[in-house]
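> generate coordinates for the sequence data below:
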Amino acid sequence: MKKIIVGVLLSAALFSITALHAATPEEAAMIANAAERGSTSSQVLLAVLYANGDGGKEKNDKLAAYWFERAAEGGNPYAQQKLGDLYEAGRGVPLNLKVAADWREKAARRGNVDAQAKLGKMYLEGRGVDKDYRQAESWLNRAAVEGSGEAQFLLGKMYHLGIGVERNREIAGNWLAKAAAHSYDDAAKLLHLLESFGLHVEEGFYQRLPDLHKLAADGDAEAQYQLAVRYESGAYGIDKEPNQALYWFRRAADSGHVMAMKSLAHIYRDGLDGVQPDREIAAAWADKARSAAK
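Model (predicted):
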């Protein structure tokens with residue numbers, strides 16, 4: 001039975017990292033054995049156990065870094081991104097921003113959204129890499145399209161201030177509105193400033209709640225998604241209502257909205273909006289999102 005449990009964990013590694021906080025010492029030992037045999041998924045899970053001090057393991061940043069590096073060298077993008085984080089913070093490895101950027105670029109090129117956003121920020125600030133606004137805009141845009149609130153905020157700020165791009169308050173407002181809808185407070189503050197100038201941004205973000213409800217009820221997937229993010233984040237002055245958020249995310253996902261599918265995968269992976277964590281449902285929605293995006 002234990003082998004079956006661990007097998008499920010390993011096959012869903014990217015969607016079950018947080019679930020391993022309850023790993024037993026016996027399960028951790030099985031993961032360690034698989035990691036020693038070269039399983040990159042197992043190496044990632046073992047690294048997480050050492051990073052968090054779970055599964056009977058004492059918290060050990062050096063061993064976490066060691067196993068993340070083993071998995072990263074095997075091509076695992078999650079491990080590559082986490083290794084970048086460790087080198088940026090100097091946890092378990094010497095602080096080295098250049099090495100952090102190198103690992104993040106590997107992960108970013110493999111589609112890791114977190115790495116794309118962080119790499120874009122490094123190019124924007126010239127940390128670990130030469131300052132390069134073109135590269136910054138490119139990586140931030142890729143992450144922003146996939147729903148990264150930080151990337152959306154930084155892109156909005158670039159267009160608002162004209163940093164490396166032609167100043168465009170309408171584009172700035174659209175990205176800031178998306179970031180604000182994800183509860184990115186700095187974006188909401190800057191968006192409020194733009195509003196004070198009478199800026200008109202993407203219509204969907206400023207439609208009144210009753211209008212959005214009507215469109216959503218009529219089957220408009222984007223309106224359904226916008227309702228969901230408003231109810232989830234409390235954006236635009238409405239009360240947070242997790243049940244309503246979950247309902248409209250499902251409606252939008254069933255209507256084919258890719259970001260809604262990704263949101264559901266995230267919700268079920270981490271147990272948000274009042275649902276119990278469920279790796280199988282999370283993985284199913286993530287698979288649907290990948291298929292729909294092709």
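> for the rest of this, base every contact and every neighbour count on C-alpha atoms.
Will do.
> give me the below-cutoff pLDDT ranges for the stretch 1-150 of the chain.
1-22 (pLDDT under 70).
> quick one: low-confidence parts of the stretch 151-294 of the chain?
For the stretch 151-294 of the chain, the ranges with pLDDT under 70 are 181-208, 233-237, 294.
> please enumerate the helices of it.
Assigned by DSSP state H, counting those that start in this stretch, the helices in the stretch 151-294 of the chain fall at 169-181, 185-196, 209-217, 221-233, 242-254, 258-270, 279-293.
> Asp61: which of those is closest?
Nearest to Asp61, of all these, is helix 258-270, at 23.4 Å by CA to CA.
> got the helices of the stretch 151-294 of the chain as TSV, with distance to Tyr159 columns?
What follows is the helices of the stretch 151-294 of the chain, written out as TSV (distance: least, CA to CA, whole Å):
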stretch	distance to Tyr159
helix 169-181	5
helix 185-196	12
helix 209-217	27
helix 221-233	23
helix 242-254	29
helix 258-270	23
helix 279-293	27
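> per-domain residue ranges of this protein.
1-110, 111-206, 208-294 (automatic domain parsing).
> okay if I get the ones you listed as TSV plus mean neighbour count?
Below are the domains of the chain laid out as TSV (neighbours: other CA atoms under 10 Å):
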stretch	mean neighbour count
domain 1-110	20
domain 111-206	21
domain 208-294	19
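> my guess is Ile171 contacts Met158. True?
No - between Ile171 and Met158 there is no contact under CA atoms under 8 Å: 9.8 Å.
> looking at the helices of the stretch 151-294 of the chain, which is nearest to Ala108?
Here helix 279-293 is closest among these (CA to CA), at 16.6 Å.
> and the closest one, what does it pack onto?
helix 258-270 (3 or more CA pairs under 8 Å, 6 or more residues apart in numbering; DSSP states H and E).
> may I have the helix it packs on as PDB, with CA atoms only?
Only the C-alpha atoms of helix 258-270 are listed here, as PDB (Å, rounded to 0.1, in the frame of the first residue of the first chain):
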ATOM      1  CA  VAL A 258      -7.600  28.400 -20.300                       C
ATOM      2  CA  MET A 259      -6.700  30.800 -17.400                       C
ATOM      3  CA  ALA A 260      -9.800  29.500 -15.500                       C
ATOM      4  CA  MET A 261      -8.600  25.900 -16.000                       C
ATOM      5  CA  LYS A 262      -5.100  26.900 -14.600                       C
ATOM      6  CA  SER A 263      -6.800  28.700 -11.700                       C
ATOM      7  CA  LEU A 264      -8.700  25.600 -10.800                       C
ATOM      8  CA  ALA A 265      -5.500  23.500 -11.000                       C
ATOM      9  CA  HIS A 266      -3.900  25.900  -8.600                       C
ATOM     10  CA  ILE A 267      -7.000  26.000  -6.300                       C
ATOM     11  CA  TYR A 268      -7.200  22.200  -6.000                       C
ATOM     12  CA  ARG A 269      -3.400  21.800  -5.700                       C
ATOM     13  CA  ASP A 270      -3.200  24.200  -2.700                       C
END
